[in-house]
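>>> Sequence first, predicted coordinates after that:
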Amino acid sequence: MAVKFLFATCALVLLAFSMGASSCQQRVEFTVFHTNDLHSHLKSAPSEPFGLGGLARLSTLLHRLRAGKPHSFYFDAGDWAEGSWYYSIDTGANMLRFLDLLGCDGTVLGDHDFLNGPDRMMQTIRMANPSFPVLAGNLETGQYSKGEELHRTIPSSYIKEVGGFRIGVIGIATSSILFDSFLEPIKTVNPIQAAARLVDEIRPRVDAVIVISHNDFFMNQAMAKFVKGIDLIISGHSHRKKPHPVMIKGPDREVSIVESGKWGAFLGQADLEFDPIVRRLRVKEYTLHPVTPDIPEDPVIAQLVLEQEKKLSEQFGDDIGRIVGELEFDMHHQDTVESSMGVLMVRAYRASTGTDVALEESGFTGSDVPRGPITLMSVHDIAPHIYNPDTGKEWTLHRWNAKGSDLQAIFRIFYRVNGFMPPGWTLGWLFSDNLHFTWDPTLMIGGMHRGIPSFFEIVRSITIGERPLDPHARYSVALTDGLIRAFKIGGEKLKLNLDFSQLEDTGIEAWRSVLDYIVSRKRLTKENLRVGQTSKTLGPDLAILEYGIEWDKTHLLIEVENLGLKPSRDGQVHCASGVRDGYALFESDEQRWTPIGEASVPALKPDQRVQVRIPWVASGLAAGKWPVRCEAKLRRDRYKDNNVAQRVFIR
């Protein structure tokens, strides 16, 4: 009877797997390796706190691990192109060739892969001629004259096999109001709707479905929750580093989501097991491998990287390693708060153009720069804006003769909308030079402003120079192509009727403006690039910035300042250490913090700062790299985004 039942079960399973995918007698095991958001980072970023990354090391690690996994695949979750100066060599074709050498089995289009438009995107892919597919299943090409050609070049999905076991691989490109205009006249379809359609199409022909999606992490979580038939999502775009898969209960199965950070610092490895009886795929084991400095470089990849550096120097007529200045402190990119990098950029823009005001947005700032000598490469990657091969230039600075009322609307709406973004989303920070504003982070329901359901005005006052902004006057404003595009898109969506009729292209590339500023000053210090000089909260605002944390091997020295308009009461600073050499845990939500100590902060007047000391003795610590997190605590501090800062110290 048991034998008959076994044969009946096998018959049913074989019928269900009419495409002949897997045997009902044994489980199927295979491994998926993955990266995302490489952004043309051929080498480890100089500012990477643990020295992680580099394609030559990644290649060694990947090939070493795959040698022990006979059934394995390597997928990349997009944004392999723009983001570093190497992109300017051939708009990302070099990265596709590198991925081919790494043994890539498939990638997806990210937003930074199509920033030069659909024609150039296809040309880049054809130029590289990769052996693997570049996928995007959510592109609507009805208004694009080369639509059929695009779908041949960039398919929606494909099928991989492991010993008769069939895996459907689907690609979902970035869909975002901020980036869709770069693809015009192509439109992107909602990722969840596109995934549902594509899974329905491919599911009857395969045993498992993997989606490679370059969309916000929360969007990929929603995809897992609402779309039937997905087994695994390889995520990109959010630069999230997930030491373990995030598990989401979907309509018919539990879905694993993985993401490995950015810039090739980590390689994800998901060991998967498929049970043909219940027809489910699960992550048996997961490892996020750091690409550490002790990994030997693949000599072939290392030589090709050197050749790319030589090409870049020749193409731009200068040695990319040339030292052009000195930096006194570690300068960091920040997405959500004001940073010295943004301060540097707007000061450079205004110096180059002679305008009343200069503006930039935090999303358009680039890579961190470590203290010490500043190279030409590092300067460029402070502002790694889109290279246009037709003009031979990257984003240039424009002079906008702006209405005062338009500037007022931009600042008021930018910070009002920012307060209501979904979890994990942010518009960032709008940097300004010679424009100062006061604001209240507290949101209250109010009336209407330019037709938008309004909340109590967060931005309370704006001054330009020493005078209040005049809504009826015009002001010259320096800004880049990218910020103009963002303002136009936002203005159109929100019906702001912004007036861009008086706009002049200076022809000055933004990054060269930053270069000229650094060369003219020779040495950049935290004193002349301090944040908090152009924006003030209405109440007290205790802040700790990354450049304000130091360690003398016996004490942490923490600089606390009041960036608000009102005096602060007594407060406290709490510091904690993370896991030593905890590469995967650093800047992840799984970090484990151990208290170091606390110190009292006296009452501070506006713009006053004080240094507090917390004992932390090197002799009591094991050798290695220690993350440190310090937080300022003050009752009634309404703006908390600048209360916390992190550093990594070497023992």
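Looks like it arrived, so ask away. Residues are numbered from 1 along each chain as shown.
>>> pretty sure L178 contacts R485?
No - with contact defined as CB atoms under 8 Å, L178 does not count as touching R485 (9.1 Å). Glycine gets a C-beta too; all of them are placed from N, C-alpha and C.
>>> Give me the common contacts of those two.
Shared contacts of L178 and R485, defined by CB atoms under 8 Å, 6 or more residues apart in numbering, are absent.
>>> dump the residue contacts of N388.
Counting by CB under 8 Å, 6+ apart, the residues that N388 touches are 116, 394.
>>> so where's this protein uncertain?
Counting by pLDDT under 70, the chain has low-confidence residues at 1-26, 418-426, 443-456.
>>> Pop the domain breakdown of it in here.
The chain breaks down by automatic domain parsing into domains covering 24-306, 318-524, 539-650.
>>> Take the ones you listed and write them to CSV, including distance to Q533.
Output for those, formatted as CSV (distance: least, CB to CB, whole Å):
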stretch, distance to Q533
domain 24-306, 24
domain 318-524, 8
domain 539-650, 9
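>>> for this structure, longest helix please?
If each helix of the chain is counted by residues according to DSSP state H, the longest one is helix 299-316.
>>> Tell me which of the domains of the chain sits nearest to V531.
domain 318-524 (4.2 Å; CB to CB).
>>> Distance from the chain centre to the longest helix of the chain, please.
25 Å (CA atoms, centre = their mean, to the nearest Å).
>>> Buried residues in that helix, which are they?
301-302, 304-305, 308-309, 312-313 (16 or more other CB atoms under 10 Å).
>>> Stretch 185-192 spans what distance, first to last residue?
21 Å (CA to CA, to the nearest Å).
>>> err, stretch 470-489, not the other one
25 Å.
>>> Could you do stretch 351-370 as well?
Termini of stretch 351-370 sit 24 Å apart (CA to CA).
>>> Helix, strand, or coil at I382?
coil (DSSP: H, G, I helix; E, B strand; the rest coil).
>>> just the helices in the stretch 1-150 of the chain please.
Counting by DSSP state H, counting those that start in this stretch, the stretch 1-150 of the chain has helices at residues 2-16, 55-67, 87-90, 93-101, 117-128, 147-153.
>>> and the angle for the fourth one with helix 117-128?
When you say that, I think you mean helix 93-101. Relative orientation of helix 93-101 versus helix 117-128 (axes from the mean of the first three to the mean of the last three CA atoms, to 10 degrees): 50 degrees.
>>> Would you mind listing the buried residues in helix 93-101?
Buried residues in helix 93-101, counted by 16+ other CB under 10 Å: 93-99.
>>> which of the domains of the chain sits most buried?
Comparing the domains of the chain by mean neighbour count (mean count of other CB atoms under 10 Å), domain 24-306 ranks first with a mean of 21.
>>> residues touching the closest residue to R97 other than its chain neighbours, list them.
Leaving aside its sequence neighbours, R97 sits nearest to A128 (CB to CB, 6 or more residues apart in numbering; 5.3 Å). Contacts for A128 (CB under 8 Å, 6+ apart) come out as 92-94, 96-97, 100.
>>> repeat that with 10 Å
Shown in contact with A128 (CB atoms under 10 Å, 6 or more residues apart in numbering): 90-100, 134.
>>> just the helices in the stretch 251-400 of the chain please.
Counting by DSSP H, counting those that start in this stretch, the helices of the stretch 251-400 of the chain are 299-316, 340-353, 376-380.
>>> mind putting these in JSON lines, distance to G597 included?
Shown next, in JSON lines, are the helices of the stretch 251-400 of the chain (distance: least, CB to CB, whole Å):
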{"stretch": "helix 299-316", "distance to G597": "44"}
{"stretch": "helix 340-353", "distance to G597": "27"}
{"stretch": "helix 376-380", "distance to G597": "35"}
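>>> mind checking which of these is nearest Q502?
Of all the helices of the stretch 251-400 of the chain, helix 340-353 comes closest under CB to CB, at 14.3 Å.
>>> by contact count, what packs against that closest one?
strand 357-361, strand 396-403, strand 430-433, strand 474-480, strand 503-509, helix 510-521 (3 or more CB pairs under 10 Å, 6 or more residues apart in numbering; DSSP states H and E).
>>> starting at the chain centroid, how far to the last one?
Between the centre of helix 510-521 and the centre of its host chain there is 25 Å, according to CA atoms, centre = their mean.
>>> likewise the shortest one?
On the basis of CA atoms, centre = their mean, strand 430-433 is displaced by 21 Å from the centre of the chain it belongs to.
>>> Can you name the residues in contact with it?
338-339, 341-351, 355-362, 364-365, 407, 410-411, 414-415, 418, 437, 462, 464, 477-478, 483, 531, 533-535.
>>> Toward the C-terminus, what is the element adjacent to that strand?
Using DSSP states H and E, the helix or strand that follows strand 430-433 in sequence is strand 435-439.
>>> tell me the centre residue of the protein?
H239 (4.7 Å; CA atoms, centre = their mean).
>>> could you list every residue that touches H214?
By CB under 10 Å, 6+ apart, the neighbours of H214 are 36-37, 76-80, 107-113, 135-136, 171-176, 191, 220, 234-238.
>>> for E394, same thing?
Contacts of E394 by CB under 10 Å, 6+ apart are 85, 87-88, 380, 383-388, 480-482, 509-512.
>>> Swap in 8 Å and give it another go.
88, 383-388, 509-511.
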